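Asker: predicted model, plus sequence, below.
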Amino acid sequence: MILKTRSVAISTAAFGLLGLGLLGWQIASKEPSGKPAQSAEVTSTSASGVVTRRAEATAGPPASASVTLPPPVVVTAASAPSARASIASKPAANSVAEPALTASVPIKHRVASRPASQPPILPNEVNRVVGQALGANNLARYLYLDPLIRRFVASVDGMGQQAAPKTLWLLKPAPGTLKLSDAKGTPPVPSVASTNSRRYAGFVRWFESTDTRKLVSLYARMYPLLQQTYVELGHPDGYFNDRVIEVIDQLLATPVVKAPLRVKQVNPEAETESSTPQRPRYELITPELEQLTTGQKMLLRTGPQQAARLKVKLKDLRRALITLSRPL
């Protein structure tokens, strides 16, 4: 009886060991996809210089295996294919990204890094800081404030073109309507009246009175945002400070026209069919003047005397902007 009992126990143990062996073989032969996914961090740098991180799922190895994961993949602006950044993309409200450009872009007037005493202005601080520095009432009187950074960048770029942006323009229209003198000649052609320049007198006085050093200091602190916005608005290989100085040079080259500006009214069908009342639009009769950039034609409309005063301020700003390329 004892022998029988011992034989039964030995047989039972042998079957148990055999079952455990089969179970272990089945587990070892399964695909590792059944294990929970491990997270590998992938870092990418967009064309605007914004560094983002995302978790990428990778199959986990068997518990008994020792596997070394590859280092995170880093995509830089130089190695990534050139593409226009989405206009809808915006930086986080509590971060400022340093601008990043491809190495092939020649930069003429690089903005040097600011010291710790001049920290970058964050996106959610722009209106408050600029309003405190330049006067919130004056800003609201002459400028469209929201979104201030995007309007500023788009308008500077637009001033250097013949067609200005319609949706992101920074400057509010001058008060009143264009004042014309009686039409003369055959056929009769109206011209801009000399009194029309009074419409711009308030803005010219305010712009002249602004502290150039304060303006340039604000500009330098906002520059990471300005550069990032310039990339997002369709200039992935451009450097915004170079564009600013280029546009200032265009404005300074605006011809001096002392004779009355002859104009003609234009009413595109797309505008006359609009349910919203439209202001009359005018073009300059002289082809050489009509082909000037948007900013140059704006200077002409202010009148020769006020245009000369604005050029003095622009020269002062240009000199100050050039100093930004020198490390402090």
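Answerer: Okay, I see it. Note that this is a predicted model, so its numbers are computed, not measured. Numbers count the residues shown, from 1 in each chain.
Asker: residue ranges for the helices of the stretch 101-250 of the chain, please.
Answerer: Chain-ordered helices for the stretch 101-250 of the chain, with DSSP state H, counting those that start in this stretch as the definition, fall at 126-134, 136-142, 148-159, 201-209, 212-232, 240-252.
Asker: can you list those helices in JSON lines and add mean pLDDT?
Answerer: Formatted as JSON lines, the helices of the stretch 101-250 of the chain follow (pLDDT from 0 to 100):
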{"stretch": "helix 126-134", "mean pLDDT": "94"}
{"stretch": "helix 136-142", "mean pLDDT": "94"}
{"stretch": "helix 148-159", "mean pLDDT": "97"}
{"stretch": "helix 201-209", "mean pLDDT": "96"}
{"stretch": "helix 212-232", "mean pLDDT": "95"}
{"stretch": "helix 240-252", "mean pLDDT": "98"}
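Asker: for these, which one sits closest to residue 172?
Answerer: helix 136-142 (5.8 Å; C-beta to C-beta). Every residue, glycine included, has its C-beta placed from N, CA and C.
Asker: list the buried residues of that closest one.
Answerer: For helix 136-142, the neighbour count (16 or more other C-beta atoms under 10 Å) marks 138, 139, 142 as buried.
Asker: over to stretch 300-317?
Answerer: Those buried within stretch 300-317 under the rule 16+ other C-beta under 10 Å are 300, 301, 302, 303, 306, 307, 310, 311, 313, 314, 317.
Asker: look up how far residue 310 lies from residue 210.
Answerer: 12 Å (C-beta to C-beta, to the nearest Å).
Asker: now residue 121
Answerer: Distance, residue 121 to residue 310, by C-beta to C-beta: 26 Å.
Asker: now do the strands in the chain.
Answerer: Secondary structure of the chain (DSSP state E): strands at 38-45, 51-58, 74-75, 180-184, 189-192, 263-266, 281-284.
Asker: weakest of these by average pLDDT?
Answerer: Here these differ in mean pLDDT, and the lowest is strand 74-75 at a mean of 38.
Asker: check contacts around the closest residue in space to residue 282 that isn't next to it in sequence.
Answerer: Distances taken as C-beta to C-beta, 6 or more residues apart in numbering place residue 263 nearest to residue 282, at 4.2 Å, with adjacent residues excluded. Counting by C-beta atoms under 8 Å, 6 or more residues apart in numbering, residue 263 touches 178, 180, 189, 190, 191, 192, 282, 283, 284, 285.
Asker: show me which of these are buried.
Answerer: In terms of neighbour count (16+ other C-beta under 10 Å), the buried residues within the contacts of residue 263 are 178, 180, 190, 191, 192, 282, 284.
Asker: excluding chain neighbours, what is closest to the fourth one?
Answerer: For residue 191, the nearest residue in space outside its immediate sequence neighbours is residue 260; the separation is 3.8 Å by C-beta to C-beta, 6+ apart.
Asker: how many other residues sit next to that neighbour?
Answerer: Neighbour count for residue 260, taken as other C-beta atoms under 10 Å: 15.
Asker: same thing with the one 5 residues further on?
Answerer: The number of residues packed around residue 265, counting by other C-beta under 10 Å, is 11.
Asker: list the beta-bridge partners for it.
Answerer: Beta bridges link residue 265 to residue 282, judged by DSSP bridges.
Asker: between the buried residues of stretch 300-317, which sits nearest residue 290?
Answerer: residue 300 (10.4 Å).
Asker: pLDDT score assigned to the closest one?
Answerer: 97.
Asker: and what of residue 65?
Answerer: The model's pLDDT for residue 65 equals 41.
Asker: so who does the spatially closest residue to residue 153 that is not a sequence neighbour touch?
Answerer: Spatial nearest neighbour of residue 153, excluding adjacent residues (C-beta to C-beta, 6+ apart): residue 229 at 4.6 Å. Neighbouring residues of residue 229 by C-beta under 8 Å, 6+ apart: 149, 150, 153, 240.
Asker: farthest pair within these?
Answerer: The distance between the two most remote of those (C-beta to C-beta) is 12.1 Å, for 150 and 240.
Asker: ok, which of the helices of the stretch 101-250 of the chain comes nearest residue 184?
Answerer: Judged by C-beta to C-beta, the one of the helices of the stretch 101-250 of the chain that comes nearest to residue 184 is helix 201-209, at 26.2 Å.
Asker: now the angle between helix 212-232 and the closest one, please.
Answerer: Orientation check (axes from the mean of the first three to the mean of the last three C-alpha atoms, to 10 degrees): helix 201-209 against helix 212-232 gives 110 degrees.
Asker: gap between the residue lying closest to residue 159 once chain neighbours are set aside and residue 136?
Answerer: In space, and not counting its chain neighbours, residue 159 is closest to residue 295: 3.1 Å by C-beta to C-beta, 6+ apart. Separation of residue 295 from residue 136 (C-beta to C-beta) stands at 25 Å.
Asker: thank you kindly, that will do.
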